[in-house]
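K.L.:
what's the 3D shape of this:
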Amino acid sequence: MPSANRRSNTRLAVAAAAVTLALVGGFFLWRFIAEAGMAQQPWFSGYADVTVDPPYDLAGTGMPDSRNVTLAFVVADSSQPCAPSWGNAYSLDAARDALNLEQRISELKSDGGAIAVSFGGSVNTELAVACQDPVQLQAAYRSVVERYSPSTIDFDIEGDALLNGPAGERRAEAVAALQKEKDGWGGGLDVWLTLPASPRGLTDDGIAVVDQMLAAGVDLAGVNIMTMNYGSSRGPSQSMLDAAVAAADSTHDQLSISYQRVGTNLSSQEIWSKMGLTPMIGVNDLPGEVFGLDAAGGLNSYALQKGIQRVSMWSLNRDRECTAAAADGQASHVCSGVQQEPGQFAKALAAGFEGKLR
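P.N.:
Next up, the predicted model:
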């Protein structure tokens, strides 16, 4: 039989071990809860076109309380296909000097805001299309991430870039490697795809882009659909809001199948939490398509009801009334083309989406 001292020492050792386990377990439980809570917190981040004149005021009062901004668009420099640029108009250094971009970002972050960076867009050339060297492509993406330190990057893939399968493979491999690097640094990197959609959902080429990313091992934070510019895919009696809801419902089902193809079975709610919606506010690019404030409120309610993770809009630069009617009803880069107060679309779409970008 053990002595009293040995029994006492044993009790102390057991108690110490129990405390240690409790502390360690508590830490991991806290971390799990914190990370889960962060992941589940829906967020709004409107796009700001970096190259539009006048520059969007990142410190402006028209921004939602979350103060998240998605800066657009990083593309290939037409004279150096593996060099990133802002809109093929400014090198990263030129944007620092001419647009004071880094100082503006710093001030936004100091005021509690955060940024995401979006690559691609509807004009110019996405880096993976122009840069055919996988090592240089990864270096180009890395240079942007290291320079601006976003927690979230977004790939707006449309037009010719959407049809370019080899570019999609290069992009997916480079992003997977970069995400793995970032995880190794302890920072993590959320990756979103932004893709065109019709009321029938993603196109076959859009689904292929999702599949490429998943097959390459990219941990996709989500797929954000562009609920805009539907053309003939929108029925004659279908409103812009109805078309957006139909596009989201269809995309939800398509994403479930994409994840199943890589052996991941997600619940319906898990799929909704990996989706984003981005309307083009006011007058769209195609004739007869106008996304008004009532539609913005309706889309916000739908997104909250479904548990959608992200709402964005194109664009923050346009979130104000035009000083004069846009010629022939054409969409403007700097105003919405509808009657509104400054920042009114962002306020309507952001309601309830109070999460912060990491």
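K.L.:
now do the contacts for the spatially closest residue to Ala246 that is not a sequence neighbour.
P.N.:
Closest residue in space to Ala246, ignoring its immediate chain neighbours: Pro199 at 3.8 Å, by C-beta to C-beta, 6 or more residues apart in numbering. Just so you know, the C-beta spots here come from the backbone N, C-alpha and C atoms, and that holds for glycine as well. Listed by C-beta atoms under 8 Å, 6 or more residues apart in numbering, the contact set of Pro199 reads Tyr230, Ser233, Arg234, Gly235, Gln238, Asp242, Ala243, Ala246, Ala247, Ser250.
K.L.:
and the helices in the stretch 151-300 of the chain?
P.N.:
160-163, 165-185, 204-215, 240-261, 268-272, 293-306 (DSSP state H, counting those that start in this stretch).
K.L.:
which of those helices sits closest to Val144?
P.N.:
helix 165-185 (9.9 Å; C-beta to C-beta).
K.L.:
does anything pack onto that closest one? Which helices or strands?
P.N.:
Under the contact criterion of 3 or more C-beta pairs under 8 Å, 6 or more residues apart in numbering; DSSP states H and E, helix 165-185 touches helix 127-130, helix 134-148, strand 152-156, helix 204-215.
K.L.:
let's see that with 10 Å instead.
P.N.:
strand 114-120, helix 127-130, helix 134-148, strand 152-156, helix 160-163, strand 190-198, helix 204-215 (3 or more C-beta pairs under 10 Å, 6 or more residues apart in numbering; DSSP states H and E).
K.L.:
for those, give me CSV that also has mean pLDDT, distance to Trp86 and mean neighbour count.
P.N.:
As requested, the helices and strands packed on helix 165-185 are exported to CSV (pLDDT from 0 to 100; distance: least, C-beta to C-beta, whole Å; neighbours: other C-beta atoms under 10 Å):
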stretch, mean pLDDT, distance to Trp86, mean neighbour count
strand 114-120, 98, 10, 24
helix 127-130, 98, 12, 25
helix 134-148, 98, 10, 18
strand 152-156, 98, 14, 26
helix 160-163, 98, 17, 18
strand 190-198, 98, 17, 24
helix 204-215, 98, 23, 19
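K.L.:
make TSV out of these and add distance to Val50.
P.N.:
Formatted as TSV, those follow (distance: least, C-beta to C-beta, whole Å):
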stretch	distance to Val50
strand 114-120	10
helix 127-130	16
helix 134-148	11
strand 152-156	13
helix 160-163	19
strand 190-198	16
helix 204-215	24
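K.L.:
to Arg171, which of those lies closest?
P.N.:
helix 127-130 (3.6 Å).
K.L.:
run through who's touching the closest one.
P.N.:
74-78, 80-85, 88, 119-120, 124, 134, 136-137, 140-141, 144, 155, 157, 159-161, 163-164, 166-175 (C-beta atoms under 10 Å, 6 or more residues apart in numbering).
K.L.:
make it 8 Å
P.N.:
74-76, 81-82, 84, 119, 137, 140-141, 160-161, 164, 167-168, 170-171, 174.
K.L.:
what does stretch 138-151 give?
P.N.:
71, 74, 82-84, 92, 102, 105, 114-117, 119, 127, 131, 153, 174-175, 177-178, 181-182, 187-190, 357-358.
K.L.:
what is the burial count for the nearest residue to Gly112 once chain neighbours are set aside?
P.N.:
Once flanking residues are discounted, Gly112 sits nearest to Arg67: 5.7 Å by C-beta to C-beta, 6+ apart. When counting by other C-beta atoms under 10 Å, one arrives at 20 neighbours for Arg67.
K.L.:
what's the answer for Phe345, then?
P.N.:
So Phe345, with other C-beta under 10 Å, has 29 neighbours.
K.L.:
helices and strands around whichever strand or helix holds it, which ones?
P.N.:
Per DSSP states H and E: Phe345 is located in helix 344-350. Other helices and strands packing on helix 344-350, by 3+ C-beta pairs under 8 Å, 6+ apart, are strand 43-44, helix 293-306.
K.L.:
what residues does it touch?
P.N.:
Counting by C-beta under 8 Å, 6+ apart, 44, 46, 62-66, 279, 281-282, 293, 296-297, 299-300, 311, 313, 316, 319, 336 sit against helix 344-350.
K.L.:
check which residues of that helix are buried.
P.N.:
Gln344, Phe345, Ala346, Lys347, Ala348, Leu349, Ala350 (16 or more other C-beta atoms under 10 Å).
K.L.:
which of these sit farthest apart?
P.N.:
Gln344 and Ala350 (10.9 Å).
K.L.:
Glu102 contacts Ala94, correct?
P.N.:
No - counting by C-beta atoms under 8 Å, Glu102 stays clear of Ala94, with 11.7 Å between them.
K.L.:
since that was my last question, I'll sign off now.
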